[in-house]
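S.K.: Quick one, structure for this:
(chains A and B)
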Amino acid sequence: MTFCLSANESEALFLSLSVAVRSVLLSLPFAIVLAWVLTRRQFVGRTILDALVHLPLVLPPVVVGYLLLLLFGTRGPIGSWLQRGLGVELIFTRNGAALATAVMSFPLMVRAMRISLENVDRGLEDAARTLGAGAFDRFMSITLPLMLPGVLAGAITAFSAALGEFGAVITFVSNIPGETRTLPLALYAALQTPGGDYAAARLAVISIILGFGGLLLSEWFARRVRRWLGR
Amino acid sequence: MLQVAVKKRLGALSLDAKFELPTPGVVALFGRSGCGKSTLINVISGLLDADSGRVALDDAVLLDTAQRLDVPPERRRIGYVFQEARLFPHFDVAGNLRYAEKRAGSPRFVGFDLVVELLDLKPLMHRRAHQLSGGERQRVAIGRALLSQPRMLLLDEPLASLDASRREEVLPYLEIMRDQLAIPMVYVSHNFEEVLRLATYLVLMEAGRTTAQGVIGEMSLNPGVRAIIGADAVGAIVDGTVLGTDPASGLTRVGVGGGELKVQSTAAVGAKLRVQLLARDLIVATQAPQQLSVRNILTGFVTGVTADEGDADLIAIDIGGTLIMARVTRAATQELKLTAGLPVWALVKAVSLRSHVTRVPR
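M.R.: Numbers count the residues shown, from 1 in each chain, chains lettered A, B, ... in the order given. Next up is the predicted model:
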């Protein structure tokens, strides 16, 4: 028996991938900056900022979705500004789903990067400094390449988490086929449908294959990067 | 001229350093481990903030806390060779060198090809730091520092992490830097052997303070230096010029002070040679010696007698304006009635003399 994807299944799969890619691209630059700020800078309110970044990890996803609705909804302070100013629609769209997954996976991403950044030898940055490299130059030419294993690990972890995010997505952008119905949401919908057991099982298998492939890929990437850095 | 006068408290260390170095030249910061040598050069480089003080190199003031002037390290144009080389692991050797070249200031006094040639880096160009030996790593680090076109080079015990045989892979290159590029260097070390080969000036550091400084010949007789290197390593260091070969013995004749030394060396005529006359190897006579196998007999007069460790005395002897030192037993001092002003002959075997070439003739 061959495992052919139905139209609905492939739609959910590609939507999941599309949302996860957008989510990672959206959060990556912010995560790098925050990881650097939290690791390297001493300032008042650092602990508060740290806790704020980690909040989605400990809050029920429904709460995060609800807060997003308040902030980014059509009448929310940011949402209304985005809609009127830039024409960006978030509610009931895949961009909204990407935002919800980005917020949920953000702490995982920042965490992975911080561990990597803490292992970067500051002595190398000092050496670059004596060779004439200014602060931004040093970050781009030394710090960022050396923390790349963490950036990659963070991106892959966040990507996997984004594929599986359920609560925040369904609360913020609902469960609309073809627009916000990602794999876990499709699986949930299948379970709600009488006689949908078989469809649910198939979606579960797709999720497992996707997750497993992601893990293997990340391991392969990590090894490549380590070799490139000569470790 | 490098002028340094800085204060800095760091943990238990209270740094209070002051020295001047005519440029170009090699100044050795010499002292025991933990006396603040590395802290001092970190302040000179700007990587460490001073509490107060001033650092100036020729006409450029790099730090003056009274004027609230503090040039950041990336604009000081001071090359720094760290003890652990600190090569960038994500670049190969060529990448490390280009990194410095790309960010170099002007005027440029040394080109990429010349650095590669002087330091023999060609066979290493496409290797990564982890594929290099400790000595090779330091050579690359020196090359990288040079390519940033620095006005001065700081070297923080660049040979400390290498074993004795590996040191020989780096030391000759440092001598080449000194002789061919004439770049001012501050060399941190607690190894007197290295200092002897490289330095023109010596600044002695003890517990965070610079306690003495001067040209290396004078400083080799300093009691503080003596206390660190130990009685057996004490001796005068005299700089001389190779005059030629002695036809009878085949030894190299070196003109020093008012006299001449014969040493075993392969240095060419005109080369500057630094000869170490260990105090324990010198023999003192109060009459002109005859019929001896000793090749070196220097005439002079005693300038002072100081008590050394155990029952020995250190006899300072002026040989035509150059001071040397002999270590004799106290009994000998008394028997020969060695006192200041007494004319003496100092004897030393050619085979016990160690010499280093300090400048190759152009």
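
S.K.: from here on, contacts and neighbour counts on C-alpha atoms
M.R.: OK.

S.K.: any idea which residue sits dead centre in chain B?
M.R.: Centroid check for chain B by C-alpha atoms, centre = their mean gives B:Ala199 as the closest residue, at 2.4 Å.

S.K.: residues touching that one, list them.
M.R.: B:Gly25, B:Val26, B:Val27, B:Ala28, B:Tyr187, B:Ile216 (C-alpha atoms under 8 Å, 6 or more residues apart in numbering or on different chains).

S.K.: Tell me the spacing between B:Ile297 and B:Gly235.
M.R.: Plainly put, B:Ile297 is 17 Å away from B:Gly235 if you go by C-alpha to C-alpha, to the nearest Å.

S.K.: So for these two, which residue has more residues nearby?
M.R.: B:Gly235 (25 against 22; other C-alpha atoms under 10 Å in any protein chain shown).

S.K.: Please name the nearest non-neighbouring residue to the more buried one.
M.R.: B:Leu278 (4.0 Å; C-alpha to C-alpha, 6 or more residues apart in numbering or on different chains).

S.K.: could I get the contacts of B:Ala199 as CSV with neighbour count and secondary structure?
M.R.: As requested, those are exported to CSV (neighbours: other C-alpha atoms under 10 Å in any protein chain shown; DSSP: H, G, I helix; E, B strand; the rest coil):
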residue, neighbour count, secondary structure
B:Gly25, 21, coil
B:Val26, 24, strand
B:Val27, 29, strand
B:Ala28, 27, strand
B:Tyr187, 27, strand
B:Ile216, 23, helix
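
S.K.: for those residues, which one is nearest chain A?
M.R.: B:Tyr187 (16.3 Å; C-alpha to the nearest C-alpha).

S.K.: was I right about that closest one contacting B:Leu154?
M.R.: Yes: under the criterion of C-alpha atoms under 8 Å, B:Tyr187 makes contact with B:Leu154 at 6.2 Å.

S.K.: Any idea how many residues pack against the residue lying closest to B:Arg253 once chain neighbours are set aside?
M.R.: Excluding the flanking residues, the one nearest B:Arg253 by C-alpha to C-alpha, 6+ apart is B:Lys262, at 4.6 Å. By other C-alpha under 10 Å, the residues close to B:Lys262 number 25.

S.K.: any idea how far B:Ile229 is from B:Lys262?
M.R.: Applying C-alpha to C-alpha to B:Lys262 and B:Ile229 gives a distance of 26 Å.

S.K.: which residues in chain B form helices?
M.R.: B:37-45, B:93-102, B:112-118, B:134-147, B:164-167, B:171-176, B:192-198, B:216-219, B:223-229, B:330-335 (DSSP state H).

S.K.: any idea how far B:Glu193 is from the residue nearest to B:Arg253?
M.R.: Following C-alpha to C-alpha, the distance that separates B:Lys262 from B:Glu193 is 21 Å.

S.K.: same thing with B:Leu278?
M.R.: B:Leu278 is 13 Å from B:Glu193, by C-alpha to C-alpha.

S.K.: So between these two, which is more surrounded?
M.R.: B:Leu278 (22 against 11).

S.K.: follow-up on the earlier one: tell me which of the helices of chain B sits nearest to A:Glu9.
M.R.: Taking C-alpha to C-alpha as the criterion, helix B:93-102 is the member of the helices of chain B that comes nearest to A:Glu9, at 48.6 Å.

S.K.: which ones are touching the nearest residue to A:Gln83 once chain neighbours are set aside?
M.R.: Distances taken as C-alpha to C-alpha, 6+ apart put A:Glu89 closest to A:Gln83, at 5.7 Å, once the chain neighbours are dropped. Each residue near A:Glu89 by C-alpha under 8 Å, 6+ apart is listed here: A:Gly79, A:Leu82, A:Gln83, A:Asn95, A:Gly96.

S.K.: Compute the number of surrounding residues for the closest residue to B:Thr210 other than its chain neighbours.
M.R.: With C-alpha to C-alpha, 6+ apart as the criterion, B:Thr210 has its nearest non-adjacent residue at 5.1 Å, and that residue is B:Ala17. B:Ala17 sits with 20 neighbouring residues when counted by other C-alpha under 10 Å.

S.K.: if I read this right, B:Ala17 contacts B:Gln3, doesn't it?
M.R.: No: in terms of C-alpha under 8 Å, B:Ala17 does not count as a neighbour of B:Gln3; the distance is 10.6 Å.

S.K.: Mind listing residues that contact stretch B:54-64?
M.R.: Contacts of stretch B:54-64 (C-alpha under 8 Å, 6+ apart): B:1-6, B:23, B:44, B:52-53, B:65, B:69-71, B:76.

S.K.: Nearest to chain A among those?
M.R.: The closest of these, once distances to chain A are taken by C-alpha to the nearest C-alpha, is B:Arg76, at 7.8 Å.

S.K.: show me what contacts that closest one?
M.R.: So B:Arg76 contacts A:Thr130, B:Ser45, B:Gly46, B:Leu62 (C-alpha under 8 Å, 6+ apart).

S.K.: The third one and B:Arg76, how far apart?
M.R.: Per C-alpha to C-alpha, B:Gly46 is found 8 Å from B:Arg76.

S.K.: Chain neighbours aside, what residue packs nearest to the residue of chain A found nearest chain B?
M.R.: Closest residue of chain A to chain B, C-alpha to the nearest C-alpha: A:Gly132 (4.0 Å). Excluding its sequence neighbours, the residue lying closest to A:Gly132 (C-alpha to C-alpha, 6+ apart) is B:Glu74, at 4.0 Å.

S.K.: so where do the helices sit in chain A?
M.R.: Counting by DSSP H, the helices of chain A are A:7-40, A:46-58, A:61-72, A:77-81, A:94-118, A:122-130, A:135-138, A:144-146, A:148-164, A:167-173, A:183-192, A:197-228.

S.K.: buried sites along the fourth one?
M.R.: Neighbour-count burial for helix A:77-81 flags A:Gly79, A:Ser80 (criterion: 16 or more other C-alpha atoms under 10 Å in any protein chain shown).
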